[in-house]
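Visitor: Pasting the sequence and the predicted coordinates here, then a few questions.
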Amino acid sequence: MEYKTNKNQQLSLFEPSATYKFKKPSLKAEYKMSGEYLQSWKKRIYNYQQEAKKKQVKQTNLLTSENNITWDIDNFDPFSIPTHTDQFYNLPKYNDSESCLYFILDTELPLLLYVGETKLSPYQRWINHDCKSYIQKYIELHRQYKINTNVRSAFWWGISPERHIRQRLERDLILKWRSPFNKESWQHWGQPFK
């Protein structure tokens with residue numbers, strides 16, 4: 001294409017009638033944790049949680065419901081209760097609703113990854129739960145780097161049906177263990193699996 005110009009006019013870089021659209025750069029950068037960083041990240045969490053586990057409170061922090069049922073948060077160890085597959089919510093025995101606290105563990109190191117509370121059945125609670133995608137990404141990254149992992153779930157059944165009591169128990173356990181998939185702990189460990 002030929003453009004006519006006079007000597008005093010600046011040349012145009014664009015065709016006079018063309019409309020140009022510029023693509024905005026993607027603001028969502030994909031970040032993938034290296035294998036070395038993943039192991040370092042897990043080790044930091046493990047060290048913190050081992051210290052939390054060792055601390056025995058002299059004056060026990062007890063939470064009592066109106067039914068006079070007592071839960072000892074400070075001395076409760078989520079690794080001491082039976083564990084189940086990470087796909088627990090698909091098992092028929094988890095179709096009934098019962099108040100509980102639930103935990104996602106990596107029993108390989110061991111790490112407490114997530115603490116939650118519910119009065120719903122595990123299936124109802126987990127059908128659209130954000131933590132499922134964190135777990136999936138966590139497992140996939142381990143497989144990519146050929147790092148052993150064993151993600152399991154555990155339940156503390158018979159917790160109060162009163163939501164405020166369950167939420168207080170959940171909060172206290174998250175604060176004690178700093179479980180990395182809970183948003184309350186992201187300030188400590190980041191959000192690498194979000």
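Guide: Looks like it arrived, so ask away. Numbering: from 1, shown residues only.
Visitor: can you map out the helices along the chain?
Guide: Assigned by DSSP state H, the helices in the chain fall at 35-54, 122-126, 131-144, 163-177, 186-189.
Visitor: now these in a markdown table, with distance to A154?
Guide: (Each C-beta comes from the backbone N, C-alpha and C, glycine too.) Output for the helices of the chain, formatted as a markdown table (distance: least, CB to CB, whole Å):
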| stretch | distance to A154 |
| --- | --- |
| helix 35-54 | 14 |
| helix 122-126 | 11 |
| helix 131-144 | 14 |
| helix 163-177 | 12 |
| helix 186-189 | 20 |
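Visitor: Those: which one's closest to F155?
Guide: helix 122-126 (7.5 Å; CB to CB).
Visitor: Tell me which residues touch L101, please.
Guide: The contact partners of L101, by CB atoms under 8 Å, 6 or more residues apart in numbering, come to 115-117, 155-156, 159, 166, 169-170, 173.
Visitor: May I ask which helix or strand of the protein has the lowest mean pLDDT?
Guide: Least confident helix or strand of the chain, by mean pLDDT, DSSP states H and E, is strand 62-64 with a mean of 47.
Visitor: returning to that earlier point: give me whichever of the helices of the chain is most buried.
Guide: Among those, helix 122-126 has the highest mean neighbour count (mean count of other CB atoms under 10 Å), at a mean of 19.
Visitor: what pLDDT, on average, does that helix get?
Guide: Averaging pLDDT along helix 122-126 yields 61.
Visitor: Okay, F155 and Q49: tell me how far apart.
Guide: Per CB to CB, to the nearest Å, F155 is found 19 Å from Q49.
Visitor: if we can go back for a sec, need the least confident one among the helices of the chain, by mean pLDDT.
Guide: Among these, helix 122-126 has the lowest mean pLDDT, at a mean of 61.
Visitor: about what we covered before: right, so of the helices of the chain, which gets closest to F103?
Guide: Proximity to F103 (CB to CB) singles out helix 163-177 among those, at 8.3 Å.
Visitor: Contacts for that closest one next, please.
Guide: Counting by CB under 8 Å, 6+ apart, 49, 52, 61, 63, 65, 71, 73-74, 76, 78, 99, 101, 112, 115-119, 159-160, 179, 182, 184-185 sit against helix 163-177.
Visitor: I am finished for the moment; much appreciated.
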